[in-house]
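curious how this folds, go ahead:
(chains A and B)
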Number of protein chains: 2
Amino acid sequence: MFLKINRSFLIEELTKCNRIIDQKTPTPSLIGILIDVEVDKVSFMSTNNSLSIKTSTSVGEHGLFIKETGTSLIRGKYFLEILRRMDDEFISINQTETNIMTLSGENSEFTLNILDYKDYPMLAFREKGDQIELSAFELKKSLNQTIISVNEYNQKIVLGGLNFSAIDNQFFVTGTDGFRVSRKRIFIDEEKTSKFEANIPYKSVMEIIKVLPDKGKVKIVLLENHVSFLFNNTVLQTTILEGQFPNVNSVFPSTFASTIYVENKKFLKLISRADIPSDENVSIVVNLKLEGQIIYIKSNIQQIGSFEEEFKDFELKGLDEQDIFFNSKFLIESLKSFETKNVEVSFIDAKKPIVITSSEDNSLSQIILPMFSN
Amino acid sequence: MFLKINRSFLIEELTKCNRIIDQKTPTPSLIGILIDVEVDKVSFMSTNNSLSIKTSTSVGEHGLFIKETGTSLIRGKYFLEILRRMDDEFISINQTETNIMTLSGENSEFTLNILDYKDYPMLAFREKGDQIELSAFELKKSLNQTIISVNEYNQKIVLGGLNFSAIDNQFFVTGTDGFRVSRKRIFIDEEKTSKFEANIPYKSVMEIIKVLPDKGKVKIVLLENHVSFLFNNTVLQTTILEGQFPNVNSVFPSTFASTIYVENKKFLKLISRADIPSDENVSIVVNLKLEGQIIYIKSNIQQIGSFEEEFKDFELKGLDEQDIFFNSKFLIESLKSFETKNVEVSFIDAKKPIVITSSEDNSLSQIILPMFSN
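Numbering: from 1, shown residues only, chains lettered A, B, ... in the order given. The predicted model follows:
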């Protein structure tokens, strides 16, 4: 293997690959990044078992010049640290012996021991299947807004990730842990007639968020046991969770007894105060009592203390009497997921779901089940 | 106790106190911040055994209003988190029962369990003694530039901190671990005739750096077993290390065989490349070979690889032949301590100290002992 390439570009591509690697993997070869040099292009690949990435560049792009083909497995972490300390605009990579690679600039040369690529699993990247296309920025935002309701370690395997589904020209991302639901809708250009559905594991979602660009389009491709995300010169391919995702549409109430209209930041700060700080990472039960023009917020936590506040800065539609208990963390995370100035919080009664929406952005809905009073 | 005070100011003062607290202290009361309310002022105090802090505010300043005197011991961490979540400009603190305090704004009230102040050690803050005055910014910079040579766990107790000394109108801060020396000189207004010397423990230095302001003056006061730092409304008081600090002046060479003049950033990047990244936090031995117009830098680390570079971007005074081995980390930290564009690195031979200075700022000197070749 012998190639020359722009150093900054190489850092970018290897950073993407290195990001998804589990640095504590018990399989030593999975620490590595595979470099595959063909006659006309170079590809960098890595995997953490559930998620794999491949990024390719053709000769002529980013100063890529290929003198000799080959395959090598490098320690991405060290490689990146070295590349960042170099000054050169272009660098040469030359595998001189089975387990030795040189990395050289104009005046400097690193001679590095590398891993044995024969220990690396065969990664098959597929890019053809039923697909939808949407804005990478929108997708990233959707994942961030819905992942809050997912418990990675949910006993029900299928709930340990986000559900993707498309119907007609709508694409939905849904997460639930059984106590709350986050649902995001994005309009797409295509009209989906066939069933488009897949469940993406929590860990993959977290990595996809980090690797997705802020600009451009991304294609989501449904494969038999995988889902691929295609953007720029990159393929991200994740395993999927087996099982039937619950039909959350049935839990979304459509009529409410009371709706409060409130400035998101103010309400979030109020609920954050009720979330009394403590050493243990306990959830705090907050009591929201609506009485006429006033909302009374109360909470307490053993050994630390209690909190009480009267809140009047809201508008009300419907019944002016509610007495509801809920998990502070759930409401805080829901409110934070909205980027809008105002939100609407709707109640039915003490036992029915609380729904958070915003008329400024009706693509997102958050549902929280109340707790029974204690 | 009953007082009212500006919330932002209270956050600032409690943050200073909370910063030095050892959150893992085995003495539960030391987690606390002591609030002492007298008729005309309030003081906040905390300690971590080696360093104590006291900050005071008088009635009328920062909206301070006192209704009832008293002493309370609060859990600073929670208190601060709560204060940050509040919206009010002024807040009231009211100790209603022995172990209960309320913290209230206009519409909200926290009722908090507090600690028993009777368990707290008596802290005596002294502010009178032999003293020198200098710029807080200069002192902070000096501590940062010299602490790099200190090993907190040095077997020789007195080396586990920085040495302060003043002679005539010069104030020196010196650190050494036996393998390197960092020395900083600051000119002061006074003319010191009596002996002014003290050794400040590493941990205290690190905390002092964080608490010192960027503006204004600081007074350093020598007490019998302590040193105090006075600035604004604050006293920081540290224990000192017993023992005779070595006379480092004797190790500073005054004549050199070769001096290289080099751009600091470029040389730092070169040595950083030679500091080959690895998992273990090992020091890397770097070989610097000067031959005529070229410096050859070489290093290697078992199992990872090796590095080689030719460097020509320097000016030389003196002998054009040197072959020296040194610890990469020592030189990197020394170079980073200079804020100047250029530095001078001076050599005598393979066994004599390497000295790093800069003609742009002659207040700072760094010395590194070379290693014997392997």
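
can you report how many residues neighbour A:N362?
Taking other Cβ atoms under 10 Å in any protein chain shown as the criterion, the count of residues near A:N362 is 10. For the C-beta atoms, the positions are set from N, CA and C on the backbone; glycine is no exception.

name the SS class of it, please.
For A:N362, the assignment made with DSSP: H, G, I helix; E, B strand; the rest coil gives coil.

just the pLDDT for it.
At A:N362 the predicted local distance difference test score is 93.

same question, the one 4 residues further on
According to the predicted model, the pLDDT of A:Q366 comes to 97.

secondary structure element holding it?
When elements are assigned from DSSP states H and E, A:Q366 belongs to strand A:364-368.

may I have the strands that pair with that strand, each with its orientation?
In the sheet containing strand A:364-368, its partner strands are strand A:180-201 (antiparallel), strand A:354-357 (antiparallel), by DSSP bridges.

since we're on the nearest residue to A:I5 once chain neighbours are set aside, how many residues are nearby?
Of all residues beyond its chain neighbours, the one nearest A:I5 is A:L64 (5.0 Å), with distances taken as Cβ to Cβ, 6 or more residues apart in numbering or on different chains. In terms of burial, A:L64 registers 20 neighbours under the definition other Cβ under 10 Å.

how about A:R126?
Applying other Cβ under 10 Å, we find 12 residues neighbouring A:R126.

and stretch A:273-290, how far apart are its ends?
Distance between the boundary residues of stretch A:273-290 (Cα to Cα, to the nearest Å) amounts to 18 Å.

so which bits of that stretch are buried?
Neighbour counts using 16 or more other Cβ atoms under 10 Å in any protein chain shown place A:R273, A:A274, A:D275, A:I276, A:P277, A:S278, A:I284, A:V285, A:V286, A:N287, A:L288, A:L290 of stretch A:273-290 among the buried residues.

now intersect those with the strands, please.
Applying DSSP state E to the buried residues of stretch A:273-290, the entries found in strands are A:V285, A:V286, A:N287, A:L288, A:L290.

let me have those residues in JSON lines, extended by pLDDT.
Conversion of those to JSON lines gives the following (pLDDT from 0 to 100):
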{"residue": "A:V285", "pLDDT": "94"}
{"residue": "A:V286", "pLDDT": "97"}
{"residue": "A:N287", "pLDDT": "97"}
{"residue": "A:L288", "pLDDT": "98"}
{"residue": "A:L290", "pLDDT": "97"}
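
surely the residue nearest to A:I5 and A:S43 touch.
No: in terms of Cβ atoms under 8 Å, A:L64 does not count as a neighbour of A:S43; the distance is 11.4 Å.

shared neighbours of these two, anything?
In terms of Cβ atoms under 8 Å, 6 or more residues apart in numbering or on different chains, A:L64 and A:S43 are both contacted by the residues A:T57.

hang on, the earlier thing: out of the strands paired with strand A:364-368, which is closest to B:D177?
Across the strands paired with strand A:364-368, B:D177 has its closest neighbour in strand A:180-201 (48.8 Å, Cβ to Cβ).

next, the buried residues of that closest one.
Taking 16+ other Cβ under 10 Å as the neighbour-count basis, strand A:180-201 is seen to contain the buried residues A:180-184, A:186, A:188, A:192, A:196, A:198-201.

residues in the stretch 151-300 of chain A within reach of chain B, list them.
For the stretch 151-300 of chain A, the contact set with chain B under Cβ under 8 Å from any Cβ of the partner chain comprises A:K269, A:S272, A:R273, A:I276, A:P277, A:S278.
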